[in-house]
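*Asks:* what's the 3D shape of this:
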Amino acid sequence: MCRSARTASPYVGMLLLFGCGQMEVTPPASGNAGNGMAGTTGAIGSSGSGGASAAGGGGNASGIAGNGVGGSASGAAAGQSGSPGGQTGAAGRGGQSGGPSGGSSGSPGRGGAGGGGVAGSGGGSACTITPTTTMSAQIPTVAVVTFTTTLTGVTGASIQFGLPGATPMVAPVDTAAANYRTLLLGMKANRDYVYRIVVDSAAGSCTSQDVMIHTGNLPTTGAPPKPTRTIPMPAAHAPGFIITSGGTAMGGGTAVVPVYILDGDGDPVWWAAAPATCSRAHMSWDGKDMWMQELNVDNAGGEMRKIAMDGTGAMNNIAGLNTSHHDFAVLPDGGIATMLWSSSGMDAPNSLVERSASGQMTTIIPNLNTIYRSTAGYHANAIHYYPSDDSYTISDRNVNLFVKVKRNGQLVWQLGGSNPIGQTFTLSGGTWQVNHGHHLLPNGNFLLFTNGPFNGSPPSQALEYSLNTTSWTATRVWAYQASGVNSAVLSDVQRLPNGNTLVTYSVPGTIHEVSPTGQLVMSLDTTSLGYAEYRDSLYGPPLR
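*Replies:* Model (predicted):
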């Protein structure tokens, strides 16, 4: 039996329905409007009491106008929608019945005034949303939400969730999924969270009541490390997520450091068992799975794994990829691309291959020596895919170069190194020695991590070059060098959406977030790291 009651909700005064979480949208009777949850950047409002209506929380571009909930027993004022909000605020709703001694009938709710709110639902038919929530048994910070709704002609849906009083996160709902199955990702361990479901149709929107959930604890064994973090410039910090792994570290004793995700506070919010010396982890392009790879630098046998983001369906030692090494890229069609050692021994020849979502293997370049030359063996170590022109960039540390190739294997250019096979850039502003992680930016600039020699002199740096494909010159335009921090192997660099740069020093286990002027915004210190990937959200495709 479901029971509805006013509770001491962290969203003060919101109506929580525990058990079935069902909400019926009815024509307004009496009682005041309550505040609605804001959009993707708004805060959480509190509900109104009987009497004059309270303003709802406005949304932003995808926000929701204030959705009224019931007033007190003596409330008589009309339900009213939120104050001006986002560009696409949904309809307001009238207040619900005032209770046993309720006042006069309320007037219909009004649409949000933030540009595009539709007419209120006063006088319309009722709709319900009935959610069911389970916590993942494997990763207890992941919630699995399914629901049913009586709203017909569903065109879209989302789940807003977050800590009490915090800006909510938004999980998009796949309306084609059975029972609208959706994962809530990015939650901290052992905390209370609240979520609500919003379902849209051509006729309007239906919003569930708030449902409280509690996340589980971190595991006692195989837990992700909790880094030490300092933020000298909080206002400039990018508060997204970082996906990383243990790199060359094995953890305590024989334990292997898992693949894990840190939130903007440096707290672990997701983890899974990883291959030994895991160098790279990527969420799949659709965000439903996590792929991870063993470093396999010695060409003695590697491993590629995949696991669903709810911790189920683990695939270990994926066939055809046991000679993969260092790095891989995820693809829009659900596949991945990686390098394979083509023969035994260290620094052996490499091939570039793709594995489709169905498991089909396709060789893109049988031997990388057909696109660049080396007299010191081949040590390709980093790869990225760019959907804008269906291309890859690949790094090789032995010859201090990068190449760009089309997805059909055609060479586009070479940056660094010597004795090119095709088009190359003339460097201006200095070269580098040993390279790993990199990022070809949307403006055409190229960001790279140079490890420097093993003795640390000169030390590691992050460098940015402006690439001119008319004069074929590459000019250094930016550099960052941290005092006392160096990494002889692995390491990564990524330009963030806010203009900062994430610099990962794999050997000491240090990550720096750096402003465009080279100021340290955030420093994170833990055990050895693999490559690292920043994401604003744990939903949707990667940023690079």
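*Asks:* please parse this protein into its domains.
*Replies:* 128-214, 230-418+430-450+479-535 (automatic domain parsing).
*Asks:* you'd agree Thr244 is up against Tyr534?
*Replies:* No: judged on Cβ atoms under 8 Å, Thr244 makes no contact with Tyr534 at a distance of 9.8 Å. (Glycine included, C-beta is placed from N, CA and C.)
*Asks:* name the residue in those two with the higher neighbour count.
*Replies:* Neighbours were counted for Thr244 and for Tyr534 using other Cβ atoms under 10 Å; Thr244 has more, 29 against 24.
*Asks:* from Ala376, how far out is the more buried one?
*Replies:* 29 Å (Cβ to Cβ, to the nearest Å).
*Asks:* again with Arg544
*Replies:* Taken as Cβ to Cβ, the span from Arg544 to Ala376 is 28 Å.
*Asks:* same check, this time on Ser356
*Replies:* From Ser356 to Ala376 the distance is 34 Å (Cβ to Cβ).
*Asks:* just Ser284 next, same as before
*Replies:* Distance from Ser284 to Ala376, by Cβ to Cβ: 35 Å.
*Asks:* more neighbours, these two?
*Replies:* Neighbours per residue, other Cβ under 10 Å: of Ser284 and Ala376, the larger number sits with Ser284, 21 against 11.
*Asks:* alpha carbons of whichever strand or helix holds Met339, in CSV - could you do that?
*Replies:* If you go by DSSP states H and E, Met339 is part of strand 336-341. The C-alpha trace of strand 336-341 is given here as CSV (Å, rounded to 0.1, in the frame of the first residue of the first chain):
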residue,chain,number,x,y,z
ILE,A,336,36.3,1.1,-30.5
ALA,A,337,39.7,1.7,-32.3
THR,A,338,43.1,0.7,-30.9
MET,A,339,46.6,-0.3,-31.8
LEU,A,340,47.7,-3.9,-31.8
TRP,A,341,51.3,-5.2,-31.6
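*Asks:* so what touches that strand?
*Replies:* 282, 291, 293, 296, 299, 304, 321, 323-331, 348-355, 364, 368, 380, 383, 385, 392, 394 (Cβ atoms under 8 Å, 6 or more residues apart in numbering).
*Asks:* low-confidence ranges, this protein, go.
*Replies:* Within the chain, the stretches with pLDDT under 70 are 1-125, 250-255.
*Asks:* quick one: strands adjacent to the host helix or strand of Leu502?
*Replies:* Using DSSP H and E, Leu502 maps to strand 501-505. Here strand 501-505 is paired, per DSSP bridges, with strand 492-495 (antiparallel), strand 510-514 (antiparallel).
*Asks:* hang on, the earlier thing: the strand holding Met339: what's the following helix or strand?
*Replies:* strand 350-355.
*Asks:* who's in contact with that following strand?
*Replies:* 318, 320-321, 331, 335-342, 361-368, 378, 380, 383, 392, 394, 405, 409.
*Asks:* neighbouring strands - and their directions - for that strand?
*Replies:* Here, using DSSP bridges, strand 350-355 pairs with strand 336-341 (antiparallel), strand 361-365 (antiparallel).
*Asks:* need the contact list for the residue nearest to Val297 when sequence neighbours are not counted.
*Replies:* Leaving aside its sequence neighbours, Val297 sits nearest to His325 (Cβ to Cβ, 6 or more residues apart in numbering; 6.5 Å). The contact partners of His325, taken as Cβ under 8 Å, 6+ apart, are Gln293, Glu294, Leu295, Asn296, Val297, Asn299, Gly302, Thr338, Met339, Leu340, Trp341, Asn381.
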